[in-house]
Structure formats: C-alpha cells, structure tokens
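A.B. asks: show me how the following folds:
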Amino acid sequence: MKLKRLLAPRFWKIPKKKFKFAVCPIPGPHKKFECIPLLIIVRDILKIVETGKEAKNIIKRGEVLIDGRVVKKHAFPVGLMDTISFPLIGRYYRVLPSKKGLELVEISENDAKMKLCGIKNKTVVKGGRIQLNLHDGRNIIVDKDVYKTGDSVLISLPDQKILRHIPLEKDGAVLITKGKNAGCVAKVKEIVITRSCKPNKVICEIDGKEIEVVKDHILAVGRENL
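C.D. replies: Now for the predicted structure:
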C-alpha cells in the first residue's frame, strides 16, 4: 500500500514535495493517521539512518523493539504511549501526545519496560472472567472486577503484567491526548456521563481555567502528576 505524502500528518516530519509517496502504515494497534510508520521513525524523525533501504535493513535484522518485542515490519504503526527501543545503541523513546500531534521523547531503559494504557472497554469471557480492552488494541484478562472504563493500568513490557491501577476520578490527573490542549496534564473537576448519542465528557482544570474534554481523549495518570 502507498500513501501520498501530501496526505501524511505533519508530525511524521517528512518532506511533502521531495517524493510523491510515503510509507503507508499497515493495519495494527493504532489508527492510520494516529500513528507513525516504524520506517519513518527510524529514518525521518530520529535520523538513525539516511535512507529507507537502511531503515528496512536494521528493522528486518530485529534491531528495533516496540513495547519490548522485536518488530520486523517497516510499516508497523507506532502510536500513543508505545515504546521504541534500540538496544544496540542504548536509545529508548516513548510516543507522547502534543499540540502538533505525536512526538517521540527519549526515556531511560527502565522506563521502556513499562507502559501506561487506557481501558477503553471491558468484556466478560469464558469462565466469567473480565477482559480489559486497552487503547493500543491489547487485551488483558483479570481476576477481580475492580477496573472501570476510563481508568488506566501501568503494565510491564513485554509480559503485560499489571503493575498499577490508576482510576479516573475527581481531583485526579489526566493527560489530554487530542485537541488543542493535547500533551497537557489537567486536574479532573467533574466526569459528565451523557447517557445519549453524545460522547461522555470530563471537566478539567488547567492553570486555573476549566475546559471540557471528550472522555475518550484523556488518559488517567495519577494524582502525583499534578
């Protein structure tokens, strides 16, 4: 599959007119325009290599890890809160939201072994156990039903063990993932459940000002981050 460069998001940081086509992300854990193809991260954003051929080579050799696992597909979609690891050169990054879209932030090796995931849905599976459906497409089965949609879980990578449960609650801190305030950490003032076709919303406070954010556009991060 190919994607015209003129249609590519700005946060991919690729020249729009130098070539006609860009790498099109393959179907995966993140939506087409809410991710960055792995090749573009390696070549255009981090500039670890100069050409697409060189990027494909190091990816196929298994030198790049996404969330602690080797990924050999150059068009793999990397998205919100994912970790990108280059063990051979000792560099580690996390994908975070910003006002311009997604951006890569360098982190430590220990931080690359953990990931914060938002709970988007819950389902009951065989045996009456609860399955958490997370924002990055992964599913985790838990024994106790103490989790709610909108909460977050801190998991270890790559084994997916839950290290911490972070509830979405009043006076808690959230990271805004979309919109003009994307990348900002806000304090929850009120959670508004609409019970209609309109999305649920959260009233947040940033620098003393109240804003209204769609519930699906926030990620609970814990009170200590305020």
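A.B. asks: flag the shaky bits of this structure, pLDDT-wise.
C.D. replies: 1, 225-226 (pLDDT under 70).
A.B. asks: could you pull out the helices for it?
C.D. replies: Along the chain, counting by DSSP state H, helices occupy 38-40, 52-60.
A.B. asks: redo those as TSV? Include distance to K144.
C.D. replies: (Each C-beta comes from the backbone N, C-alpha and C, glycine too.) Shown next, in TSV, are the helices of the chain (distance: least, CB to CB, whole Å):
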stretch	distance to K144
helix 38-40	36
helix 52-60	39
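A.B. asks: pick the most deeply packed of these.
C.D. replies: Greatest average neighbour count among these goes to helix 38-40 (a mean of 24), per mean count of other CB atoms under 10 Å.
A.B. asks: related to what we said a few turns ago, nearest to K126, out of the helices of the chain?
C.D. replies: Distance to K126, taken as CB to CB, is lowest for helix 38-40 among the helices of the chain, at 34.5 Å.
A.B. asks: tell me the contacts of the spatially most central residue of the chain?
C.D. replies: Centroid-nearest residue in the chain: L80, 1.4 Å away (criterion: CA atoms, centre = their mean). Contact analysis of L80 by CB atoms under 8 Å, 6 or more residues apart in numbering lists 30, 34, 95-97, 102, 135-136, 177, 219.
A.B. asks: put the buried members of those into a ChimeraX selection.
C.D. replies: Burial among the contacts of L80 is assessed by 16 or more other CB atoms under 10 Å; the matching ChimeraX selection reads:
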select :30,34,95,96,97,102,135,136,177,219
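A.B. asks: and which of the contacts of L80 is nearest S108?
C.D. replies: Closest to S108, out of all of the contacts of L80 and judged by CB to CB, is L96, at 14.7 Å.
A.B. asks: what about the longest strand in the chain?
C.D. replies: strand 114-124 (DSSP state E).
A.B. asks: pull out the buried positions in it.
C.D. replies: Counting neighbours by 16+ other CB under 10 Å, the buried set in strand 114-124 is 114-119.
A.B. asks: repeat for stretch 76-94
C.D. replies: So stretch 76-94, judged by 16+ other CB under 10 Å, has buried residues 76-86, 92-94.
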